[in-house]
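Undergrad: the sequence and its predicted three-dimensional model are supplied below.
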Amino acid sequence: DAKTTQPNSMESNEEEPVHLPCNHSTISGTDYIHWYRQLPSQGPEYVIHGLTSNVNNRMASLAIAEDRKSSTLILHRATLRDAAVYYCILRGQAGTALIFGKGTTLSVSS
Amino acid sequence: DAGVIQSPRHEVTEMGQEVTLRCKPISGHDYLFWYRQTMMRGLELLIYFNNNVPIDDSGMPEDRFSAKMPNASFSTLKIQPSEPRDSAVYFCASSLRRGGPDTQYFGPGTRLTVL
């Protein structure tokens, strides 16, 4: 699975939108882009994934660049509960285990 | 579904003792993964099973670590003898399929402290 690059940390205010970027310039045509997050003292949890088109679910939106070399996780209205480490992970069709990088630590202030 | 269940949630033991961590995956999931998380190395895969069979154990740090999956509902990760450097949070995860769009579901983890 190809590598991803994320900023180490980001800050946000409560109820404001948050855009978490991820670069994956070596992505292959069949790699899915996954986002997981890890709240303090909890296991990682799935947030969203996509292949080519933008995706929305109840937790977040995923915007994928046209060339697929980057993507952005969008939290539309950050809450204090969204403070977590966010991981951007690429998974090929044959991929099994998730390969976690350092992720982005998101801090949310009230 | 109750999700992935791990026990114990916390374990404190002394160096040299045997430690057994337990995991119950989500019913119907064919894949089970054991990960370890430390400050230095982050989250890393130790081993994974498909239909109860170990497929890749290349992440198991040394022979002191062993993992089994006697049936579809239960897996253990054993450390014998334990050492202080084994202190970490150990996560179990399960998934329905492999690769591509599939989602992994993680348990709450077992925080192991070896004194």
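TA: Received it, and whenever you're ready, just let me know what you need. Residues are numbered from 1 along each chain as shown, chains lettered A, B, ... in the order given.

Undergrad: how is B:R85 assigned, secondary-structure-wise?
TA: helix (DSSP: H, G, I helix; E, B strand; the rest coil).

Undergrad: so what's it closest to, chain neighbours aside?
TA: B:V114 (7.8 Å; Cβ to Cβ, 6 or more residues apart in numbering or on different chains). For every residue, glycine as well, the C-beta is placed using N, CA and C.

Undergrad: if the one you found is in a bridge, with which residues?
TA: B:T13 (DSSP bridges).

Undergrad: please name the residues that touch it.
TA: B:T13, B:E14, B:M15, B:Q17, B:V19, B:S82, B:E83, B:P84, B:R85, B:D86, B:S87 (Cβ atoms under 8 Å, 6 or more residues apart in numbering or on different chains).

Undergrad: what subset of those residues is buried?
TA: B:T13, B:V19, B:S82, B:D86, B:S87 (16 or more other Cβ atoms under 10 Å in any protein chain shown).

Undergrad: pipe the residues you listed into a markdown table and attach pLDDT and distance to A:S61 per row.
TA: Output for the buried ones among the contacts of B:V114, formatted as a markdown table (pLDDT from 0 to 100; distance: Cβ to Cβ, whole Å):
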| residue | pLDDT | distance to A:S61 |
| --- | --- | --- |
| B:T13 | 97 | 44 |
| B:V19 | 98 | 42 |
| B:S82 | 97 | 44 |
| B:D86 | 97 | 40 |
| B:S87 | 98 | 38 |
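
Undergrad: between the residues you listed, which is nearest chain A?
TA: B:S87 (15.6 Å; Cβ to the nearest Cβ).

Undergrad: quick one on the thing from earlier: for the buried ones among the contacts of B:V114, which one is nearest A:T30?
TA: B:D86 (36.8 Å; Cβ to Cβ).

Undergrad: for that closest one, give its distance to B:E14.
TA: 12 Å (Cβ to Cβ, to the nearest Å).

Undergrad: run a quick neighbour tally on B:G100.
TA: Neighbour count of B:G100, defined by other Cβ atoms under 10 Å in any protein chain shown: 16.

Undergrad: can you list the buried residues in stretch B:56-71?
TA: B:G59, B:M60, B:F65, B:A67, B:M69.

Undergrad: likewise for stretch B:79-98?
TA: Applying 16+ other Cβ under 10 Å to stretch B:79-98 flags B:79, B:82, B:86-95, B:98 as buried.

Undergrad: what pairs with the closest residue to A:S53 other than its chain neighbours across the strands?
TA: Nearest non-adjacent residue to A:S53, counting by Cβ to Cβ, 6+ apart: A:I64, 7.0 Å away. Taking DSSP bridges as the rule, A:I64 bridges to A:S71.

Undergrad: give me the pLDDT for A:I64.
TA: At A:I64, the model reports a pLDDT of 97.

Undergrad: which one of the contacts of B:V114 sits closest to A:V18?
TA: Nearest member of the contacts of B:V114 to A:V18, counting by Cβ to Cβ, is B:S87, at 33.1 Å.

Undergrad: B:M40 is in contact with that closest one, correct?
TA: No. Using Cβ atoms under 8 Å, B:S87 makes no contact with B:M40, being 11.0 Å away.

Undergrad: need the residues of chain B near chain A, please.
TA: B:4, B:31, B:33, B:35, B:42-45, B:48, B:55-56, B:91, B:93, B:98-109 (Cβ under 8 Å from any Cβ of the partner chain).
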